[in-house]
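>>> can't give you the sequence, but here's the structure:
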């Protein structure tokens, strides 16, 4: 059965919930085994649960980073969707942070799992939280095994 806009909404709501609750298992549960994750578009893709799990681990750095996605919009058409949100990243021990405005384009497979996720953001999408120093992660570290 072909995925519907309802399936797309469910997957994207679960995706946001996984990031907001620091639940890696929940994130993996909504990803196809062979999912492709490109964050941001133009950089090498993370492939499958192993690759995307590596991105997750890099993003969280144990408990050193706090990630809070603030949902702004979900649009779902057929088995595709757009997710717009701001990821608030905080590193309390260093009084650093960053707010990253992101638009993600997803394709859901027939099982309702995310098959492809492409994140769109650039340097104009970043802002510094008031009272904090700007946090600048080195995403290239996420590609190291």
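Nice, thanks for sending it over. Since the structure is predicted, the reported quantities are computational estimates derived from the model, not experimental observations. Numbering: from 1, shown residues only.
>>> give me the helices and strands touching the helix or strand encompassing residue 58, please.
Per DSSP states H and E: residue 58 is located in helix 48-60. Counting contacts by 3 or more Cβ pairs under 8 Å, 6 or more residues apart in numbering; DSSP states H and E, helix 48-60 is packed against helix 24-29, strand 31-38, strand 46-47. All C-beta atoms are positioned from the backbone trio N, CA, C, and that covers glycine.
>>> tell me which of these lies nearest to residue 80.
strand 31-38 (14.0 Å; Cβ to Cβ).
>>> circling back to that earlier point, looking at the helices and strands packed on helix 48-60, which is closest to residue 125?
Of the helices and strands packed on helix 48-60, nearest to residue 125 by Cβ to Cβ is strand 31-38, at 15.3 Å.
>>> okay, and the helix or strand of this structure with the least pLDDT?
When the helices and strands of the chain are scored by mean pLDDT, DSSP states H and E, helix 48-60 comes last with a mean of 91.
>>> now that helix: how far from the chain's centre is it?
10 Å (Cα atoms, centre = their mean, to the nearest Å).
>>> what's in contact with the longest helix anywhere in the chain?
Secondary structure of the chain per DSSP state H: the longest helix is helix 5-21. Residues from elsewhere that reach helix 5-21 (Cβ atoms under 8 Å, 6 or more residues apart in numbering): 23-24, 26-27, 29-30, 67-69, 71, 74, 76-81, 83, 85, 87, 106, 108, 112-114.
>>> list only buried entries from those residues.
24, 27, 30, 69, 74, 76, 79-81, 83, 85, 87, 106, 108, 112-114 (16 or more other Cβ atoms under 10 Å).
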